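Peer 1: sequence and predicted structure below; questions after.
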Amino acid sequence: MRGLASFTRSTALSNGMDAQRSAGVLLSSPAAAQRCAEGAGLDSGAPAEAQSAMPSIALPCSAPTAHGYPPTPAAPMAPQLQPRISTSLTDVTKYDLTFAGSVSIPLMRDIKNQMPDAICESPPGSVNTNLIINRDAPPFDNPELRRAMALSLDRKAFVDILTEGQGFFGGVLQPPPGGLWGMPGDILQTLPGYGIDVQKNRTEAREIMQQLGYGPDHRLKVKASTRDTPPYRDPAVILIDQLKDAYIDADLETIDTAQWYPKVMRKDYTVALNLTGSTVDDPDQGLYENYTCGAEGNYNGYCNPEVDKLVDQQSMRSDRTIRKKLAWQIERRLAEDGARPIVYYNRAAVCWQPYVKGLTIMINSIYNGWRMEDLWLDK
């Protein structure tokens with residue numbers, strides 16, 4: 001079995017926050033992580049996809065002593081991860097902890113009602129919900145049509161409905177307070193399509209659609225695809241409702257997780273609602289992976305050589321102020337091009353039993369911090 005004790009080293013940005021909570025920081029020594037891997041018979045070089053696929057784990061690491069981990073492995077522990085918290089709360093008490101991003105704000109309240117002693121933490125969201133459009137498939141190869149779709153979005157409605165107002169508005173880069181590189185709200189609102197006057201935006205969207213030959217009596221019918229899990233499916237339903245204001249009628253197509261990524265990577269879709277997470281709060285990670293020409297995560301085929309040059313330029317800068325200025329320039333250019341409209345940043349919780357010790361929740365990544373080399377059960 002591959003995958004539950006892999007580790008990497010990266011440098012925490014000096015940001016005035018608890019260094020342990022900055023994505024990518026190793027919370028214990030590589031030797032400790034390797035000891036966990038060897039004791040469990042695991043491959044410490046496993047990819048993140050393999051790690052996240054496991055419903056539960058067992059690591060033979062005991063509670064740390066004053067001098068670190070004991071020299072010999074303790075009896076194996078098996079922290080049990082709740083696999084589908086959103087579909088069943090009746091048996092949540094038998095699990096030790098939930099996985100990152102799996103507990104919505106309303107569900108967190110339900111868990112606290114069932115287990116008053118449960119500890120829940122909802123860090124600033126690092127996963128953005130975004131609209132991807134296959135720009136090679138007519139009529140979506142028309143940039144004006146894609147612009148009309150972006151203008152139809154009411155981002156506040158997503159945040160209010162799905163996170164009870166606790167989500168965040170942001171662009172490509174994770175916004176404050178969790179993100180160090182994202183634009184503050186007042187600047188974000190100046191980007192094309194991100195203005196807060198929803199009615200004005202939708203009036204413009206309808207005018208564009210009418211110029212393209214659509215209207216109340218001639219509506220564009222499309223299929224809106226998304227991954228068949230609640231974090232994808234729930235906002236997709238809201239998206240479909242909002243597109244109606246731009247004379248677009250969409251039918252929801254839910255795709256099994258095993259088929260979702262192959263489907264979008266081969267561009268076997270027209271319109272889709274997608275989620276994009278970050279592994280570390282740094283412009284390079286998101287820009288190179290999702291927005292440069294031919295990038296693996298560039299699901300909608302956006303390509304602008306000028307943007308690629310800007311991405312390279314910001315990456316080479318050591319001066320943080322200059323680099324952020326270039327990153328914001330890229331952010332604006334992506335919005336002008338309608339590269340991938342960001343809808344909102346979700347906010348979800350992680351909940352665990354009081355006897356779970358050594359768990360540190362990351363503020364800007366759902367992927368890091370789950371190696372569990374510091375985790376132990378006090379029971």
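Peer 2: Yes, it's here.

Peer 1: how about the helices in the stretch 201-350 of the chain?
Peer 2: Here the stretch 201-350 of the chain has its helices, by DSSP state H, counting those that start in this stretch, at 230-243, 257-265, 283-290, 305-316, 320-337.

Peer 1: hey, what's the angle from the shortest one to helix 320-337? Just curious.
Peer 2: Taking axes from the mean of the first three to the mean of the last three Cα atoms, to 10 degrees, one finds that helix 283-290 is oriented at 30 degrees with respect to helix 320-337.

Peer 1: any buried residues in stretch 208-227, and which?
Peer 2: For stretch 208-227, burial by neighbour count (16 or more other Cβ atoms under 10 Å) applies to 208-209, 212, 214, 220, 222, 224-227. (C-beta placed from N, C-alpha, C; glycine too.)

Peer 1: what does stretch 240-253 give?
Peer 2: For stretch 240-253, by 16+ other Cβ under 10 Å, it's 240, 242-243, 245-248, 250, 253.

Peer 1: how far away is Gln353 from Thr98?
Peer 2: Here Gln353 is placed at a distance of 10 Å from Thr98 (Cβ to Cβ, to the nearest Å).

Peer 1: and the two? Which one has more around it.
Peer 2: Between Gln353 and Thr98, Thr98 has the larger neighbour count (other Cβ atoms under 10 Å), namely 24 against 19.

Peer 1: what does that one show for phi and psi?
Peer 2: phi -100, psi 160 (degrees, to the nearest 10).

Peer 1: now for Gly286: which residues touch it?
Peer 2: Counting by Cβ atoms under 8 Å, 6 or more residues apart in numbering, Gly286 makes contact with 172-173, 276, 278.

Peer 1: output these in CSV, with neighbour count, distance to Leu334 and pLDDT appended to each entry.
Peer 2: Listed next are the contacts of Gly286 as CSV, based on neighbours: other Cβ atoms under 10 Å; distance: Cβ to Cβ, whole Å; pLDDT from 0 to 100:
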residue, neighbour count, distance to Leu334, pLDDT
Val172, 24, 6, 96
Leu173, 25, 10, 96
Thr276, 18, 13, 95
Ser278, 24, 15, 86
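
Peer 1: and which of those residues is nearest Glu164?
Peer 2: Nearest to Glu164 among the contacts of Gly286, counting by Cβ to Cβ, is Thr276 at 22.3 Å.

Peer 1: check contacts around that closest one.
Peer 2: Applying Cβ under 8 Å, 6+ apart to Thr276 gives the contacts 127-128, 130, 286, 290, 297.
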